[in-house]
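Visitor: Dropping the sequence and predicted coords here.
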Amino acid sequence: MTVVDLVQQIGDLLTDIDTTLSAPELSMEDPQWQQLYALRKHLDDQQRELVKKVIQRDDQKFSDFAIKIKGATDSLNSTIGNLTKLNSIIGTIAQVASWLDQALKLV
C-alpha cells in the first residue's frame, strides 16, 4: 500500500465517520458522539500530517502499519453505520489512530 492509498483510505473512513456523526438518532450531547468526533478530528490531523511528510515507501514497518490500518478500515466500512456497534467502532478507530501515530514516528 502506498502513502497515497493510505491517505485515501483514511479519507474514506473520515467520510463514513461524518455520516455516522450526522445520524439523527445520535445526539451531539451523547458522550459517544463526542468521543467519535474527537477521534475523527485526530484522524483528520493524522491524515494531514501524512500528506506533509515524506515516507520511505520501502520501509517495512510502515508497510506493516498500512496493512493493519487497511484491514481495520475495511472492517469499519461494513459496520460503521450500525449505531448499536458504536463502542466497537470507537475502539477500532482508536486503534487505527494509534497505528497511524506509530507510522508517523517512522519519518
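Guide: Now that the structure is in, tell me what you want to look at. Numbers count the residues shown, from 1 in each chain.
Visitor: Report all helices and strands that the worst-scoring helix or strand of the chain on mean pLDDT contacts.
Guide: One helix or strand of the chain scores below all others by mean pLDDT, DSSP states H and E: helix 60-79, with a mean of 82. Counting contacts by 3 or more Cβ pairs under 8 Å, 6 or more residues apart in numbering; DSSP states H and E, helix 60-79 is packed against helix 3-21, helix 86-104. Where C-beta positions appear, they are placed from N, C-alpha and C, glycine not excepted.
Visitor: Check which residues of the first one are buried.
Guide: Right, helix 3-21. Val3, Leu6, Gln9, Ile10, Leu13, Asp16, Ile17, Thr20 (16 or more other Cβ atoms under 10 Å).
Visitor: so who does the last one touch?
Guide: What it means is Thr20. Contacts for Thr20 (Cβ atoms under 8 Å, 6 or more residues apart in numbering) come out as Leu26, Leu36, Ile80, Gly81, Leu83, Leu86, Ile89.
Visitor: if you set the cut-off to 6 Å instead, what comes out?
Guide: Residues in contact with Thr20 (Cβ atoms under 6 Å, 6 or more residues apart in numbering) are Ile80.
Visitor: State the distance from Leu50 to Leu6.
Guide: Separation of Leu50 from Leu6 (Cβ to Cβ, to the nearest Å): 7 Å.
Visitor: One more: Ile67?
Guide: Relative to Leu6, and taking Cβ to Cβ, Ile67 is found at 10 Å.
Visitor: Can I get the lengthiest helix in the chain in PDB? Just the C-alpha atoms.
Guide: The residue-count maximum for a helix in the chain (DSSP state H) belongs to helix 31-52. The C-alpha trace of helix 31-52 is given here as PDB (Å, rounded to 0.1, in the frame of the first residue of the first chain):
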ATOM      1  CA  PRO A  31     -20.700  11.100  25.100                       C
ATOM      2  CA  GLN A  32     -20.200   8.500  22.300                       C
ATOM      3  CA  TRP A  33     -20.800  11.200  19.700                       C
ATOM      4  CA  GLN A  34     -18.300  13.400  21.400                       C
ATOM      5  CA  GLN A  35     -15.700  10.600  21.600                       C
ATOM      6  CA  LEU A  36     -16.300   9.700  18.000                       C
ATOM      7  CA  TYR A  37     -15.900  13.300  17.000                       C
ATOM      8  CA  ALA A  38     -12.600  13.600  18.900                       C
ATOM      9  CA  LEU A  39     -11.300  10.500  17.200                       C
ATOM     10  CA  ARG A  40     -12.400  11.900  13.800                       C
ATOM     11  CA  LYS A  41     -10.500  15.100  14.500                       C
ATOM     12  CA  HIS A  42      -7.500  13.100  15.400                       C
ATOM     13  CA  LEU A  43      -7.600  11.000  12.300                       C
ATOM     14  CA  ASP A  44      -8.000  14.200  10.200                       C
ATOM     15  CA  ASP A  45      -5.000  15.700  11.800                       C
ATOM     16  CA  GLN A  46      -3.000  12.500  11.200                       C
ATOM     17  CA  GLN A  47      -4.100  12.400   7.500                       C
ATOM     18  CA  ARG A  48      -2.800  15.900   7.000                       C
ATOM     19  CA  GLU A  49       0.500  15.000   8.700                       C
ATOM     20  CA  LEU A  50       0.900  12.000   6.400                       C
ATOM     21  CA  VAL A  51       0.400  14.300   3.400                       C
ATOM     22  CA  LYS A  52       3.000  16.700   4.700                       C
END
